[in-house]
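Asks: After the sequence you'll find the predicted model.
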Amino acid sequence: MLTKGDIPMSEKIYGIDMGTNSIKIYQKAAGVILHQKNMIAMVKKKEPLALGDEAYSMYEKAPKNIEVKQPIVNGVIADFTAMQTMIQLYFKGMHGKKFAEGLAAGGNAEFYIAVPSDITEVEKRAFFDLIASSSLKTKKIRIVEKPIADALGAGLDVMDATGRLIVNIGADTTEISLISLGGIVQSRLLKIGGTKFDEAIQQTVKKKHNLVIGMKSAERLKMQLASGIKEEEEITYDVMGRNLITGLPNRVTVTNHLIFEAMSESLSSIIDAIKFILEKTPPELSMDIMHDGICMTGASTHIKNLDLLIQQETGLSIMKMEEPELTVVKGLGMIMENPDYERLAHNLQDSDFH
Ligand SMILES: Nc1ncnc2c1ncn2[C@@H]1O[C@H](COP(=O)(O)OP(=O)(O)OP(=O)(O)O)[C@@H](O)[C@H]1O
């Protein structure tokens, strides 16, 4: 019999999407139980001080003895120890604080981990090892290709013999994938996403206004002013920073046209990569894509008119999601909840997983 606080065995099954910008966790029968910034703040390089959104609030503001780390870079694990520490703390709690109701992998839990498709074997293995070598007691660890989980979570039928094109624009990466019969026909991972847009905005504001701004301010400008196509009407937003010449704090008014200029090179690269995949798509699958269009996921697809840009450049219809940042983790949830999808989750040894 279960005592209060116990979680039935069948529900200790978790899906984890470790993104560059945010980490999302799904628990069987409970849904998405955690969605936080993927950051950890450490004191003197070894003692964890804060996790997730709390760590992000310290980013660009911390004194020298506090380091705020982002363990995933360009979609892959860049700091294994920091990422493993985070996962362990999320599940076991920290400073007596639990991060999400139901996060209690006390023993023999099962994990479904989403990994990008277009990365090396070693990089994929690191996602598996992260859980396998952690202090969490695990019964089973399964790897799922991110584009497959993404498409499922977006409501696409990935099992049938129909070509689906899915474009996930995240923080450090854009993953463009062609899917059919539960597998990946082609996939391309670009090192372009929301963070690249923010960096370009930071540089352009510096050049145009002699103002040094932080990444958080650049992101705010993007969220207020970015558009996939150039808008006729001028919209402005004020930003604070440090004047490059006087060294003093200063405020300037930035226009949507400047933000468009800053982002245009990165947007062109994304369009070029989508066209490249379309050109390499076998003709029968091309017909499916002509019919169904392109599915857009990832939080950067919140950018205004980005769908219009891709539609104009490719001539294809675009499907946008209401919660594009959660499609991958919801897809992991569908795989663990529905035995029909079991073959989409792999052991590292599976010959069909490469
Ligand atoms: N409303 C918005 N408008 C524009 N950009 C947004 C908006 N909301 C979030 N973003 C951007 O989306 C990005 C995060 O996307 P997402 O959470 O899908 O990434 P991730 O999965 O963590 O990263 P990756 O897929 O690169 O590993 C950030 O760069 C953020 O600035």
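Replies: Great, that's in hand. Residues are numbered from 1 along each chain as shown.
Asks: Would you mind naming what in the chain lies close to the ligand?
Replies: The chain comes close to the ligand at residues 19-22, 75, 170-173, 193-195, 219, 222-223, 298-300, 302-303, 325, as judged by Cβ under 6 Å from any ligand atom. C-betas here are computed from N, CA, C, even on glycine.
Asks: can you do 8 Å?
Replies: Applying Cβ under 8 Å from any ligand atom, we find that the chain lies next to the ligand at 17-24, 38, 72, 74-75, 116, 168-175, 193-195, 197-198, 219, 222-223, 226, 297-300, 302-304, 324-325, 328.
Asks: Counting neighbours, which of these end up buried?
Replies: 17-24, 38, 72, 74-75, 116, 168-175, 193-195, 197-198, 219, 222, 226, 297-300, 302-303, 324-325, 328 (16 or more other Cβ atoms under 10 Å).
Asks: one step back: out of the residues of the chain next to the ligand, list just those in helices.
Replies: Judged by DSSP state H, the residues of the chain next to the ligand include Gly194, Thr195, Phe197, Asp198, Glu219, Lys222, Met223, Val328 as members of helices.
Asks: Skipping its backbone neighbours, what lies nearest the last one in space?
Replies: What it means is Val328. In space, and not counting its chain neighbours, Val328 is closest to Asp17: 4.4 Å by Cβ to Cβ, 6 or more residues apart in numbering.
Asks: With the first one instead?
Replies: Leaving aside its chain neighbours, Gly194 sits nearest to Ser300 (4.3 Å; criterion: Cβ to Cβ, 6+ apart).
Asks: The one you found reaches Ile192, doesn't it?
Replies: No - using Cβ atoms under 8 Å, Ser300 is not in contact with Ile192; the gap is 9.5 Å.
Asks: got any residues that touch both of those two?
Replies: Both Ser300 and Ile192 are in contact with Thr174, where contact means Cβ atoms under 8 Å, 6 or more residues apart in numbering.
Asks: Go through the ones in helices among the residues of the chain next to the ligand and name the one nearest Asp129.
Replies: When those are compared for distance to Asp129 (Cβ to Cβ), Val328 wins out at 20.3 Å.
Asks: give the contact list for that closest one.
Replies: Going by Cβ under 8 Å, 6+ apart, Val328 touches Asp17, Gly19, Lys24, Ala114, Lys146, Ala149, Asp150, Gly153, Asn168, Thr297.
Asks: go again using 10 Å as the cut-off
Replies: By Cβ atoms under 10 Å, 6 or more residues apart in numbering, Val328 lies in contact with 15-19, 24, 26, 114, 144, 146-154, 168, 170, 175, 297-298.
Asks: so what's it scoring on pLDDT?
Replies: Looking at Val328, its pLDDT is 98.
Asks: same deal with Ala109?
Replies: pLDDT, read off for Ala109, is 89.
Asks: Please apply the same query to Thr204.
Replies: At Thr204, the pLDDT recorded in the model is 98.
Asks: Go ahead and confirm it touches Glu261.
Replies: Yes - Thr204 lies in contact with Glu261 (Cβ atoms under 10 Å); the separation is 6.5 Å.
Asks: These two: who's more crowded?
Replies: Thr204 (18 against 15; other Cβ atoms under 10 Å).
Asks: Can you tell me the SS state at the more buried one?
Replies: Following DSSP: H, G, I helix; E, B strand; the rest coil, Thr204 is assigned to helix.
Asks: With adjacent residues omitted, what lies nearest to it?
Replies: Leaving out its chain neighbours, the residue that sits closest to Thr204 by Cβ to Cβ, 6+ apart is Ala262, at 3.7 Å.
Asks: Now the strand or helix carrying the one you found: buried residues?
Replies: Secondary structure assignment for Ala262, by DSSP states H and E: helix 256-279. Using 16+ other Cβ under 10 Å as the test for burial, helix 256-279 gives 256-260, 262-263, 266-267, 270-271, 273-274, 277-278.
Asks: any idea of the mean pLDDT for the helix or strand following that helix?
Replies: Counting by DSSP H and E, the next helix or strand C-terminal to helix 256-279 is helix 283-292. Mean per-residue pLDDT for helix 283-292: 95.
Asks: Same question for stretch 262-279.
Replies: 97.
Asks: so how far is that stretch off the chain centroid?
Replies: 19 Å (Cα atoms, centre = their mean, to the nearest Å).
Asks: surely His346 meets Phe127?
Replies: No - with contact defined as Cβ under 10 Å, His346 does not reach Phe127; the gap is 11.6 Å.
Asks: What does the pLDDT read for Ala104?
Replies: 63.
Asks: dump the residue contacts of Val185.
Replies: Contacts of Val185 by Cβ under 10 Å, 6+ apart are Gly163, Arg164, Leu165, Ser177, Leu178, Ile179, Ile277, Lys280, Thr281, Pro282, Leu285.
Asks: let's see it at 7 Å
Replies: Applying Cβ atoms under 7 Å, 6 or more residues apart in numbering, one finds that Val185 lies in contact with Leu178, Ile179, Leu285.
Asks: For it, what is the enclosing helix or strand?
Replies: Residue-wise, Val185 maps onto strand 183-190 under DSSP H and E.
Asks: So what are the sheet partners of that strand and their directions?
Replies: The strands beside strand 183-190 in its sheet (DSSP bridges) come out as strand 174-180 (antiparallel).
Asks: Now do the same contact list for whichever residue of the stretch 1-150 of the chain sits closest to the ligand.
Replies: Residue of the stretch 1-150 of the chain nearest the ligand, by Cβ to the nearest ligand atom: Gly19 (2.3 Å). Residues near Gly19 by Cβ under 7 Å, 6+ apart: Asn38, Ile72, Gly170, Ala171.
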